[in-house]
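Participant: make a model of this:
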Amino acid sequence: MEQFQGVISRAGERQVFMGEESMGIWEEPGAESGCKLERNEVAIEFCAQSRNESFARMVAAAYTAQLNPTMEEISDIKTAVSEAVTNAVIHGYSGGDGIIRMRLALSENEVQIEVTDHGVGIENILIAMEPMYTTRPDMERSGMGFAFMEAFMDELEVRSALGRGTIVRMKKKIAPGV
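Facilitator: Residues are numbered from 1 along each chain as shown. The predicted structure follows:
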């Protein structure tokens, strides 16, 4: 068990929490759902390289297509995934070696996306979530990653433990097709 911090954001309202339990990093796929019919889930792992960010975007878009989303909903999801993966590459691993795991689940009219790294962790999530904040000003980073994730997704949860890594969980409801 490790000490971690977390923030949940729903409709722009943030709740902070602390814990001394497992963050859930690297749980086996299906651990929460048992792969029951009412919930469909997949997980992929890829090297923490910037060139894999577009792959993660396409996987999320293709997987979410099962819910018949609008182009705007797909665009929102792709942008949020892009920001989460880029944060893991740039800030979690500082551009070094590492593995990113992305887990996606569908249930009824909602997609859930989890992006996990075993990088350096986030010292203070609330500060990191502030627009324009970046730990890499040398790379001319805009510091808008978490702000975009909050804006484009219905729910954002960030859990992190220093030296252990970060989990970004996002949810988006997909409007029923006509």
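Participant: parallel or antiparallel, which strands does the least confident helix or strand in the chain by mean pLDDT pair with?
Facilitator: Of all regular secondary-structure elements in the chain, judged by mean pLDDT, DSSP states H and E, the least confident is strand 13-19 with a mean of 84. On the basis of DSSP bridges, the sheet neighbours of strand 13-19 come out as strand 4-10 (antiparallel).
Participant: so which residues make contact with the partner strand?
Facilitator: Strand 4-10 is contacted from outside by 14-21, 23, 122, 124-126, 129, 150, 154-161, 164, using C-beta atoms under 8 Å, 6 or more residues apart in numbering. C-beta coordinates here come from the backbone N, C-alpha and C atoms, glycine included.
Participant: how much space between T86 and S160?
Facilitator: Counting by C-beta to C-beta, to the nearest Å, the gap from T86 to S160 is 16 Å.
Participant: of those two, which one has the most company?
Facilitator: More neighbours surround S160 than the other of T86 and S160, with 24 against 17 (other C-beta atoms under 10 Å).
Participant: ok, the more buried one - contacts?
Facilitator: 4-6, 23, 121-122, 125, 166-167.
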